[in-house]
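Asker: build the 3D model from these lines:
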Amino acid sequence: MPPRPRFDRRAPVRELPNINERISYPQLRVVDFDGSQLGVISRDEALSVSKDRELDLVLVSEKADPPVCRIMDYGKYKFEQEKKAKEAKKKSHQTEVKEVKMRYKIDQHDYDVRIGQATRFLKAGDKVKCTVIFRGREIQHTALAEVLLKRMAKDLEAAAEIQQPPKREGRNMIMFLSPRKTSLKAPAGDGGGGKTVTRHKSKPDPAAAPASAPATSAAATAAASAATPAASPAEA
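Answerer: Numbers count the residues shown, from 1 in each chain. Presented below is the predicted three-dimensional model:
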């Protein structure tokens, strides 16, 4: 029986960048921090210039003849490179296929849950596989499953477009939706433009107020006359 391999406890070898004293080439083509050319100078002279500027001498192109170095702040340069790499990784989203399963006899609440799940997947940039599962004799109702899938595609048309229409596959019926690339246009016949129309109550016309004033005065005079008692003969 061969001996078991011993565990290597040594620290992994780190690949150190070629900067400053790690550069071993005797002659270098040096570019200054502002992009100006310093020409071909010796390694010691290039290190002296970088120290005077309180910056680093970084090997940029090792295959050139002579090798090209640049004077820069290596810590800042490394931070910017890592930041760019993280941003590029975020933007390079790999599209996945997420599945939403249901039965053709699904109730409204569960259907709304499936719609919410599919909406989240589509907004994240993933494709959605909508699957209707048949059990036992339910396979006889493929038409109802197709109606359900078409209804789902209609409810999700603002965020998705049909990549593959409903299709029977074994004891399932599937449909593929992909994120919509172009926004859905509003129907042309919508004359209101989706705006809410507010109706205001009509205000009385101020010009009509004086016309009713005489009638009101006459009624008040008649009421005052009726309330005043007639004068007695003795007072007359």
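Asker: how far does stretch 132-143 stretch from start to finish?
Answerer: 11 Å (CA to CA, to the nearest Å).
Asker: for stretch 99-114, same thing?
Answerer: Its first and final residues considered, stretch 99-114 spans 10 Å by CA to CA.
Asker: tell me the buried residues in it?
Answerer: Val100, Met102, Tyr104, Arg114 (16 or more other CB atoms under 10 Å). All C-beta spots, glycine's among them, are computed from the backbone N, C-alpha and C.
Asker: who's the second one bridged to?
Answerer: Going by DSSP bridges, Met102 is paired in beta bridges with Val132.
Asker: quick one: contacts of the strand ranked longest in the chain?
Answerer: Of all segments of type strand in the chain, defined using DSSP state E, the longest is strand 160-169. For strand 160-169, contacts defined as CB atoms under 8 Å, 6 or more residues apart in numbering pick out 118, 122, 127-128, 142, 145-146, 149-150, 153, 173-181.
Asker: could I get the average pLDDT for stretch 134-151?
Answerer: Confidence over stretch 134-151 (mean pLDDT, whole number) is 91.
Asker: what's that stretch in contact with?
Answerer: So stretch 134-151 is contacted by 102-106, 130, 132, 166, 168, 171-173, 175 (CB under 8 Å, 6+ apart).
Asker: try it again with 7 Å
Answerer: Stretch 134-151 is contacted by residues Tyr104, Cys130, Val132, Pro166, Arg168, Arg171, Asn172, Met173, Met175 when judged by CB atoms under 7 Å, 6 or more residues apart in numbering.
Asker: among those residues, who's most crowded?
Answerer: When neighbours are counted by other CB atoms under 10 Å, Val132 leads the contacts of stretch 134-151 with 27 neighbours.
Asker: residues contacting that one?
Answerer: Here Val132 is in contact with Met102, Arg103, Tyr104, Ala145, Leu148, Leu149, Asn172, Met173 (criterion: CB under 7 Å, 6+ apart).
Asker: where does this structure dip in pLDDT?
Answerer: 1-16, 92-93, 184-236 (pLDDT under 70).
Asker: follow-up on the earlier one: export the longest strand of the chain as PDB, just CAs?
Answerer: Taking C-alpha atoms only, strand 160-169 is exported to PDB below (Å, rounded to 0.1, in the frame of the first residue of the first chain):
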ATOM      1  CA  ALA A 160     -42.100  39.400 -21.300                       C
ATOM      2  CA  GLU A 161     -42.500  38.100 -24.800                       C
ATOM      3  CA  ILE A 162     -43.200  34.500 -25.900                       C
ATOM      4  CA  GLN A 163     -40.000  32.700 -27.000                       C
ATOM      5  CA  GLN A 164     -41.800  29.300 -27.400                       C
ATOM      6  CA  PRO A 165     -45.600  29.000 -27.500                       C
ATOM      7  CA  PRO A 166     -47.300  26.400 -25.400                       C
ATOM      8  CA  LYS A 167     -46.200  22.900 -26.400                       C
ATOM      9  CA  ARG A 168     -46.900  19.500 -24.900                       C
ATOM     10  CA  GLU A 169     -43.800  17.600 -23.700                       C
END
